[in-house]
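**Q** For reference, the sequence and a predicted model appear below.
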Amino acid sequence: MKRIICPVSFDRVPSHLPRVNAVFVVLLLLGWAWLQWHWILMLLLADFFLRGFDFGRWSPLMGLSGWLSQRVGLISTMTDKAPKMFAARLGLAFVMLILVLSFVGEFYLSMTAVFAMVVLALLEAIVNFCVGCYLYHWMVHPFKKLA
């Protein structure tokens, strides 16, 4: 595997915030899978939109992650923000897919998408492996240089 080129952006975020955020995403997705309350998906949809399009300061999950991190005293290094924003956009696409599949009655397909998203979020939360960040480096970053 090629080495990822950093920095890809000059905006940075504490690396623990997306990890704490991923835990909340997992909890909300599992809550939706259990209860089928569509407002949970709408909350995730809004949150991923806000984080994916650089309005993270208004993101409820990011605010909760920041508050919890401060209370617990988490301190970490800084990481590039652009790949995390791209990963949030992928999360937005996943949540939209889950929402559409659930509304058209494709229960098992929606649960498959939930399972995939939970696995990706757990990779971020537990081992600090952001699949969306790797996709960013392979799909977006090379074309960013051409522009």
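**A** Received it, and whenever you're ready, just let me know what you need. Residues are numbered from 1 along each chain as shown.
**Q** Now name the helix or strand holding L123.
**A** Using DSSP states H and E, L123 sits in helix 107-127.
**Q** longest helix anywhere in this protein?
**A** The helix that spans the most residues within the chain, counting by DSSP state H, is helix 81-103.
**Q** List the buried residues for that helix?
**A** 81-92, 94-99, 101-102 (16 or more other CB atoms under 10 Å). C-beta: built from backbone N, CA, C; applies to glycine.
**Q** Relative to R51, how far out is P60?
**A** Relative to R51, P60 is positioned 10 Å away (CB to CB, to the nearest Å).
**Q** For those two, work out which one has more neighbours and name it.
**A** Between P60 and R51, counted using other CB atoms under 10 Å, the more crowded position is R51 (26 against 13).
**Q** That one contacts A88, doesn't it?
**A** Yes - with contacts counted by CB atoms under 8 Å, R51 reaches A88, the gap being 4.0 Å.
**Q** List the neighbours of stretch 127-147 that are in contact with it.
**A** The contact list for stretch 127-147 (CB atoms under 8 Å, 6 or more residues apart in numbering) reads 4-5, 8, 15, 18-19, 82-84, 86-91, 120, 123-124.
**Q** Give the buried residues for it.
**A** Neighbour-count burial for stretch 127-147 flags 130, 132-133, 136-137, 141 (criterion: 16+ other CB under 10 Å).
**Q** Also stretch 21-39?
**A** Neighbour-count burial for stretch 21-39 [16+ other CB under 10 Å]: 21-26, 28-29, 32.
**Q** For it, list the C-alpha coordinates in PDB.
**A** Provided in PDB are the C-alpha atoms of stretch 21-39 (Å, rounded to 0.1, in the frame of the first residue of the first chain):
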ATOM      1  CA  ASN A  21     -18.100  10.900  17.000                       C
ATOM      2  CA  ALA A  22     -17.900   7.400  15.400                       C
ATOM      3  CA  VAL A  23     -19.000   5.800  18.700                       C
ATOM      4  CA  PHE A  24     -22.100   8.000  18.700                       C
ATOM      5  CA  VAL A  25     -22.800   7.100  15.100                       C
ATOM      6  CA  VAL A  26     -22.600   3.400  16.000                       C
ATOM      7  CA  LEU A  27     -24.900   3.800  18.900                       C
ATOM      8  CA  LEU A  28     -27.500   5.700  16.900                       C
ATOM      9  CA  LEU A  29     -27.300   3.200  14.000                       C
ATOM     10  CA  LEU A  30     -27.800   0.300  16.400                       C
ATOM     11  CA  GLY A  31     -30.700   2.200  18.000                       C
ATOM     12  CA  TRP A  32     -32.300   2.700  14.600                       C
ATOM     13  CA  ALA A  33     -31.800  -1.000  13.700                       C
ATOM     14  CA  TRP A  34     -33.500  -2.000  17.000                       C
ATOM     15  CA  LEU A  35     -36.300   0.600  17.100                       C
ATOM     16  CA  GLN A  36     -36.800   1.700  13.500                       C
ATOM     17  CA  TRP A  37     -37.400   5.300  14.500                       C
ATOM     18  CA  HIS A  38     -36.700   7.300  11.400                       C
ATOM     19  CA  TRP A  39     -36.000  10.500  13.300                       C
END
